[in-house]
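>>> A predicted structure for the sequence below; I have some questions about it.
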Amino acid sequence: MSTQPHDHIVKSYDEERRRIQGDVLRMGEMATAQLEAALDVVERRDDRAAERIIGNDEEIDTLERTISHDAMTLALRGPLARDLREILATLRVVSDIERIGDYAANVAKRSIALNLAPPLPHTRGLHALGAIAAQQVRDVLEAYRDNDADLALKIRARDADLDAQYTGLFRELLTYMMEDARAITPCTHLLFMAKNIERIGDHATNIAENIWFQVHGEEPLPPREKRDETNTAA
């Protein structure tokens with residue numbers, strides 16, 4: 001009989017952990033959907049849809065605050081060291097997801113300004129870059145759901161591919177701007193949008209690293225290749 005209250009506490013704690021994990025996954029899905037919707041409005045040049053995406057960002061921000069509060073409340077219930085790692089990782093992960101949502105909203109904002117200029121063929125390159133980033137976020141959420149550190153490392157390594165694609169688009173846009181002065185303003189918007197998407201990849205990488213931390217603690221991560229060469233692009 002004396003173990004029943006303890007069993008109830010453990011069950012309650014586990015249920016709360018699962019609920020928080022479910023909220024994190026829901027928040028991640030919302031942020032990914034925001035990115036995909038933003039890429040769509042760039043292609044369709046739809047200002048009204050872009051405004052809706054910008055407005056939806058507040059819902060992601062609200063969910064981040066709720067999850068962070070719930071995770072801190074759970075931490076006060078005296079968890080073990082591994083549980084504390086999980087709570088700390090959760091706080092970091094929701095912060096990264098919130099930033100992903102912000103960058104998606106930024107892409108939507110820039111699309112409105114971009115629509116003031118004639119259509120550019122380079123939006124296809126932006127869409128391709130965004131599709132890679134969105135898949136990275138979806139895959140890292142799967143690794144988070146399954147607590148899969150090995151999958152997280154594979155996703156982390158894939159960020160180099162996103163960097164390489166970003167560098168290629170960056171150079172292409174610079175070349176186009178040098179050839180046609182009329183393209184400078186719209187291409188500048190596209191450059192900022194591409195950088196937002198590249199940063200989304202960085203935040204997916206942060207999530208992958210926090211999955212590793214959640215599973216392995218302070219065990220060092222293997223080195224990671226980077227292929228963003230825009231700082232040296234000529």
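Okay, I see it.
>>> switch to C-alpha atoms for all contacts and neighbour counts from now on
OK.
>>> which SSE is residue 41 in?
helix 4-44 (DSSP states H and E).
>>> from the contact counts, what lies against that helix?
Contacts defined by 3 or more CA pairs under 8 Å, 6 or more residues apart in numbering; DSSP states H and E place helix 4-44 against helix 47-75, helix 81-114, helix 123-146.
>>> can you rerun that using 6 Å?
Identification of packing neighbours for helix 4-44 by 3 or more CA pairs under 6 Å, 6 or more residues apart in numbering; DSSP states H and E yields helix 81-114.
>>> what sits against the most centrally placed residue in the chain?
Nearest to the mean C-alpha position of the chain, counting by CA atoms, centre = their mean, stands residue 100 at 3.7 Å. Shown in contact with residue 100 (CA atoms under 6 Å, 6 or more residues apart in numbering): residue 200.
>>> and it, how far is that from residue 189?
From residue 100 across to residue 189, the span is 18 Å (CA to CA, to the nearest Å).
>>> measure residue 45 to residue 37 for me?
12 Å.
>>> now swap in residue 206 and tell me
For residue 206 relative to residue 37 (CA to CA), the value is 23 Å.
>>> residue 60: neighbouring residues, count only.
Residue 60 has 23 neighbours, counted by other CA atoms under 10 Å.
>>> give me the pLDDT value at it.
For residue 60, the pLDDT comes out at 96.
>>> same check on residue 86?
With respect to pLDDT, residue 86 has a value of 89.
>>> residue 168 too?
At residue 168, pLDDT is 96.
>>> which strand or helix spans it?
helix 149-179.
>>> helices or strands next to that helix in the packing?
Secondary elements touching helix 149-179 (3+ CA pairs under 6 Å, 6+ apart): helix 184-216.
>>> just how off-centre is the helix it packs on within its chain?
How far helix 184-216 lies from its chain's middle: 6 Å, per CA atoms, centre = their mean, to the nearest Å.
>>> could you say what helices and strands that helix packs with?
helix 81-114, helix 149-179.
>>> how about 8 Å then?
helix 81-114, helix 123-146, helix 149-179.
>>> mean confidence for that helix?
The model assigns helix 184-216 a mean pLDDT of 96.
>>> with stretch 15-29 instead?
So the average pLDDT for stretch 15-29 ends up being 95.
>>> can you pull the contacts of residue 25?
141, 145 (CA atoms under 8 Å, 6 or more residues apart in numbering).
>>> ok, residue 60 - contacts?
Contacts of residue 60 by CA under 8 Å, 6+ apart are 27, 30, 31, 98, 101.
>>> closest to residue 142 out of those residues?
residue 27 (13.0 Å; CA to CA).
>>> how much space between the closest one and residue 69?
The value you get for residue 27 to residue 69, if CA to CA is used, is 15 Å.
>>> got it, and residue 28?
Counting by CA to CA, the gap from residue 28 to residue 69 is 17 Å.
>>> ok, these two, which is more surrounded?
Legend: neighbour count by other CA under 10 Å for residue 28 and residue 69, higher for residue 28 (24 against 13).
>>> my read: that one touches residue 97, true?
Yes: Residue 28 lies in contact with residue 97 (CA atoms under 8 Å); the separation is 5.9 Å.
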